[in-house]
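1. Sequence first, then the predicted structure:
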Amino acid sequence: MTNFLSFQTLCQILVNGVLFGTMYGIAAIGMSLIFGTMQIIFIAQGAMIILAAYISFWLFTLLFVDPLLSILFVVPAFLILGGGLYQVLFRKVAYVGKNPSLLIAFGFMVLLENLMSTLWTPNTRAINTSYTAFGIPVLGLQISFTRLVAFVIAIVATIGVTLFLKKTLIGKAVRAASEDLGAAALMGIGIHWVNSITFAVGIGLAALAGITTATTYPFDPYFGFIFSLKALIAVAFGGIGSVGGAFFGGILLGVIESLGFYFLSGVWADAISYVVFLLVLMLRPEGLFSRFTRLA
Amino acid sequence: MTDLNVFYGDAQALWDISFHVDDREICSLIGANGAGKTTTLNTISGMIRPSSGRIEFLGTCVDRTSSNTIVDIGISLVPEGRRLFSKLTVLENLELGAFTKRARPLMKESLKWVMEIFPILEERKGQLAGKLSGGMQQMLAVGRALMARPKLLMLDEPSLGLAPLIVKMLFEVIQNLNNHSDHNVTIFLVEQNVHQALKIAHRAFVMKTGKITLMGKGEELLNDPGVKKAYMGILA
């Protein structure tokens, strides 16, 4: 505990929080997109993130592929994987109701966790590149290079997804389908097709979040579930179904955790974020930024 | 387009319904609430599967075809309650109307065509569909369906909740779509506004509790004492 908090320390805490929160942000966007059309919480999102983290870890360890370089082919691979995942796991049950889809997602998460734990042991891993410990001094603050890269990637990804949804016909079809699936079908939009697209984009974002996580933090096979929960909190902050909201929700969560970590302790940081999560759902179930995002 | 034959039978809501709509005609289906009019339309557009019976369009069987394929074949539905994408702009709604493979290359032309029919949509194209007035929403719903370049346009209660003047204008548009030399759209109209629906229809059916009870030319039905009594509140 500290009684003295300099302006500089506060800035450092906030910057760390923002940088950390962007990771939650991209995980949350993927979750929010899938929720938009499928109307389910894809709880395995975090496990997919850790899977991507492992892939980039092994690519680096065995083949010496730089994790940032691995983005170029892991993300496209995950886009295809996401589309395939829908076709194989969810296509049949998409009309039956939400519960089967939810259970499948849950089962899939447990399967992935155990698979990763068996294949790669439950040991905590981290990628140590030549630039991992590299910090950039900005206005007297220390900013970790890998976190900054993760931050930039997250922002580019968010803008990319937003442009995709706003400017392309496929993106517009996704937005239409998340508002009224039946009416979208009347426009000739195939429902399975649009669900595949959202899954592809959601899982592609998971790959991005996974690789950037691997470069900045240690991870283990079971870290994914916590990640899913955090993404869920970010989605709730931002208002369910809003891309920009999910991203800012992630950043807000990062800042809250960072403050909690500094003023109390690591254990309390988690507890505080869940308390805030419940408070937001109770007091503003439509999301903190709902008016803002509606205008945007 | 040759004859369109629609057969539908033995579902609980609809009992052995058989009828056809001829090429380039306006055909109306009228009846009270719960008669099965909307069910009929939803079945044709592939939203509901018939338990038995056949639906044919231009000689191909479409009763097991999914709704997105049916749009591509040339049947568009303006659904009851319009069902616009309220969080999307007017222009985006129209663009999505031309989503099918067949309609997509024609999008620019179709946009021009629809904006000529409903000039107000051109003015409001950047506005969110949910913020439009009821009349404009209905125009947008019709415009969106036209973007798919349908050969058969089905309208489910287009006059519902609209001011009489707008209803009149909308029915004129529907009639023009059917007459116009370039785009001969066949119209299948479901209405509770019996008077208007029968006035513009070449032929019409009356439906009651899932069965077709009366069939005839629009004008004939308009003067039919039974129809007058039951649906127009006129004592013959």
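-> Now that the structure is in, tell me what you want to look at. None of the values given here were measured: they were computed from a predicted structure.
2. contacts, neighbours, all on C-alpha from now
-> Fine.
3. show me where the chain has helices.
-> You didn't say which chain, so I picked chain A. For chain A, the helices defined by DSSP state H occupy A:7-38, A:45-63, A:67-85, A:98-120, A:145-167, A:169-179, A:181-186, A:191-216, A:223-238, A:243-263, A:266-283, A:290-295.
4. could you do chain B instead?
-> So, for chain B - with DSSP H - the helices run B:37-44, B:67-73, B:90-97, B:107-117, B:119-123, B:134-146, B:164-179, B:194-200, B:218-222, B:225-231.
5. Tabulate those helices (JSON lines), appending mean neighbour count and mean pLDDT.
-> JSON lines is the format used below for these (neighbours: other C-alpha atoms under 10 Å in any protein chain shown; pLDDT from 0 to 100):
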{"stretch": "helix B:37-44", "mean neighbour count": "22", "mean pLDDT": "86"}
{"stretch": "helix B:67-73", "mean neighbour count": "25", "mean pLDDT": "90"}
{"stretch": "helix B:90-97", "mean neighbour count": "26", "mean pLDDT": "94"}
{"stretch": "helix B:107-117", "mean neighbour count": "17", "mean pLDDT": "93"}
{"stretch": "helix B:119-123", "mean neighbour count": "15", "mean pLDDT": "92"}
{"stretch": "helix B:134-146", "mean neighbour count": "24", "mean pLDDT": "93"}
{"stretch": "helix B:164-179", "mean neighbour count": "16", "mean pLDDT": "90"}
{"stretch": "helix B:194-200", "mean neighbour count": "20", "mean pLDDT": "86"}
{"stretch": "helix B:218-222", "mean neighbour count": "19", "mean pLDDT": "82"}
{"stretch": "helix B:225-231", "mean neighbour count": "15", "mean pLDDT": "76"}
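6. closest to A:K167 out of those?
-> helix B:90-97 (9.4 Å; C-alpha to C-alpha).
7. Apart from its chain neighbours, what residue comes closest to the residue of chain B found nearest chain A?
-> Using C-alpha to the nearest C-alpha, the closest approach of chain B to chain A is made by B:N68 at 3.7 Å. Leaving aside its chain neighbours, B:N68 sits nearest to A:G188 (3.7 Å; criterion: C-alpha to C-alpha, 6 or more residues apart in numbering or on different chains).
8. Could you verify my assumption that that neighbour touches B:F99?
-> Yes: if you go by C-alpha atoms under 8 Å, A:G188 and B:F99 touch, sitting 6.2 Å apart.
9. coming back round to it: kindly reformat the helices of chain B as TSV containing distance to B:T186.
-> Converted to TSV, the helices of chain B look like this (distance: least, C-alpha to C-alpha, whole Å):
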stretch	distance to B:T186
helix B:37-44	14
helix B:67-73	14
helix B:90-97	18
helix B:107-117	17
helix B:119-123	23
helix B:134-146	12
helix B:164-179	6
helix B:194-200	13
helix B:218-222	15
helix B:225-231	24
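10. neighbours around residue 223, how many?
-> By default, I'm working from chain A. A:F223: 16 surrounding residues under other C-alpha atoms under 10 Å in any protein chain shown.
11. please go with chain B instead
-> B:N223: 12 neighbours (other C-alpha under 10 Å).
12. Roughly how far does it sit from B:L198?
-> In this view, B:N223 and B:L198 are 10 Å apart by C-alpha to C-alpha, to the nearest Å.
13. Ok, A:I240 next?
-> As judged by C-alpha to C-alpha, A:I240 and B:L198 stand 46 Å apart.
14. go on, B:E172?
-> B:E172 sits 13 Å away from B:L198, going by C-alpha to C-alpha.
15. Residue numbers of chain B in contact with chain A?
-> Contact residues (C-alpha under 8 Å from any C-alpha of the partner chain) of chain B with chain A: B:45, B:47, B:67-72, B:76-77, B:79, B:83-85, B:87-88, B:92, B:95-100, B:145, B:148.
16. residues from the stretch 101-250 of chain A in reach of chain B?
-> So the stretch 101-250 of chain A meets chain B at A:169, A:172-173, A:175-176, A:179-180, A:182-183, A:185-190 (C-alpha under 8 Å from any C-alpha).
17. which ones are touching the residue of chain B closest to chain A?
-> B:N68 makes contacts with A:A185, A:L186, A:M187, A:G188, A:I189, A:G190, as judged by C-alpha atoms under 8 Å, 6 or more residues apart in numbering or on different chains.
18. Now the third one. Nearest residue, chain neighbours left out?
-> With C-alpha to C-alpha, 6+ apart as the measure, B:G97 is the residue that lies nearest to A:M187, at 5.3 Å, once sequence neighbours are left out.
19. I'd assumed B:L146 was in contact with the one you found.
-> Yes: at 7.3 Å, B:G97 counts as touching B:L146 under the criterion of C-alpha under 8 Å.
20. Report the closest residue of chain A relative to chain B.
-> Closest point on chain A to chain B, by C-alpha to the nearest C-alpha, is A:G188, at 3.7 Å.
21. That residue: how many residues sit nearby?
-> Neighbours of A:G188 (other C-alpha under 10 Å): 26.
22. likewise B:S28?
-> Neighbour number of B:S28 under other C-alpha under 10 Å is 29.
23. Next up, the contacts around it.
-> Counted by C-alpha under 8 Å, 6+ apart, B:S28 has contacts B:F188, B:L189, B:V190, B:E191, B:A197, B:L198, B:A201, B:R203, B:A204, B:F205, B:G218.
24. hmm, which helix or strand of chain A has the shakiest average pLDDT?
-> The weakest-scoring helix or strand in chain A, judged by mean pLDDT, DSSP states H and E, is helix A:290-295 (a mean of 46).
25. Sort out which residues of stretch A:164-177 are buried, please.
-> By neighbour count on 16 or more other C-alpha atoms under 10 Å in any protein chain shown, the buried set for stretch A:164-177 is A:L165, A:K166, A:L169, A:I170, A:G171, A:K172, A:A173, A:V174, A:R175, A:A176, A:A177.
26. likewise stretch A:130-149?
-> For stretch A:130-149, a neighbour-count test (16+ other C-alpha under 10 Å) marks A:I143, A:S144, A:F145, A:T146, A:R147, A:L148, A:V149 as buried.
27. same question for that stretch, mean pLDDT?
-> Mean per-residue pLDDT for stretch A:130-149: 78.
28. what's in contact with it?
-> Identification of contacts with stretch A:130-149 by C-alpha under 8 Å, 6+ apart yields A:Q8, A:C11, A:Q12, A:V15, A:N16, A:L19, A:F20, A:T212, A:T215, A:T216.
29. PyMOL command to pick out the buried ones of those residues?
-> Here is the PyMOL command that selects the buried residues among these (16+ other C-alpha under 10 Å):
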select buried, chain A and resi 12+15+16+19+20+212+215+216
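30. Contacts only, for the closest residue to A:G245 other than its chain neighbours.
-> Once flanking residues are discounted, A:G245 sits nearest to A:G238: 3.8 Å by C-alpha to C-alpha, 6+ apart. When contacts are counted by C-alpha under 8 Å, 6+ apart, A:G238 touches A:G244, A:G245, A:A246, A:F247, A:F248, A:G249, A:G287, A:L288, A:F289, A:S290.
31. and A:G238, how far is that from A:M31?
-> Plainly put, A:G238 is 12 Å away from A:M31 if you go by C-alpha to C-alpha.
32. ok, now B:F19?
-> From B:F19 to A:M31 the distance is 47 Å (C-alpha to C-alpha).
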